[in-house]
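K.L.:
Could you look at this predicted model? Sequence included:
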Amino acid sequence: MMQQLPRIEGGRVVLRPITDADTDHIVAWRNTPAIMQNFIFREKFTVEMHRNWLATKVASGKVVQYIIEEKATGRPVGSVYFRDVDHNNHSAEYGIFIGEADARGKGFGTETARLFTDFGYQILGLHRISLRLLAENEPARRSYEKAGFVLEGTFRDMVLLDGKYRDIVFMAKLAP
């Protein structure tokens, strides 16, 4: 691991580095249809896949992944990460999901995006944080815009999912 990663505390969420103990949550969340439908990668997610991700991506620093906890209760509700961390170009790709159904639509994602991108700039030294999402995922897009991400373009019919071509929207946020 590159460095000891800090806990990040916001008004309504606490972000903490992921551990192997979070595996059951991640696997359950990633296999929830409401979550899976917003991912481009749609294969059934397994414990082995997650542990391989932790060992090859997180442990090497290619991915920085955190668990999102509801501050009031300490309950894990989702995950946020930077993947493809590029130290030469000071860039990474952002990803998030709120795994607990009753935690969606409450602003946790927007607050997490603000906190985690600030952490990316200030602690990880990132300059550019990009993301991609399915064009039809309007709630996520609105959340990203509230958190300061800007639309960069739409790649039409970029992926074939469930027998239908889908557009992918690219957004990014630059260090202030």
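P.N.:
Now that the structure is in, tell me what you want to look at.
K.L.:
Point out the other helices and strands that the longest helix anywhere in the chain packs with.
P.N.:
As assigned by DSSP state H, the longest helix anywhere in the chain is helix 108-122. Applying 3 or more C-beta pairs under 8 Å, 6 or more residues apart in numbering; DSSP states H and E, one finds that helix 108-122 contacts strand 8-9, strand 13-17, strand 64-70, strand 76-86, strand 91-98, strand 128-134, helix 138-146. Backbone N, C-alpha and C define where each C-beta goes, glycine included.
K.L.:
C-alpha coordinates for the fifth one, CSV please?
P.N.:
Okay, so that is strand 91-98. Extracted as CSV, the C-alpha positions of strand 91-98 are listed here (Å, rounded to 0.1, in the frame of the first residue of the first chain):
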residue,chain,number,x,y,z
SER,A,91,-5.5,11.6,-13.1
ALA,A,92,-7.9,8.9,-12.1
GLU,A,93,-11.4,7.6,-13.0
TYR,A,94,-14.1,8.0,-10.3
GLY,A,95,-16.7,5.4,-9.5
ILE,A,96,-19.4,5.2,-6.8
PHE,A,97,-22.5,3.2,-5.8
ILE,A,98,-24.9,3.5,-3.0
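K.L.:
and it, how far out from the chain's middle?
P.N.:
3 Å (C-alpha atoms, centre = their mean, to the nearest Å).
K.L.:
ok so, going back, and among the helices and strands packed on helix 108-122, the most buried is which?
P.N.:
strand 64-70 (a mean of 22; mean count of other C-beta atoms under 10 Å).
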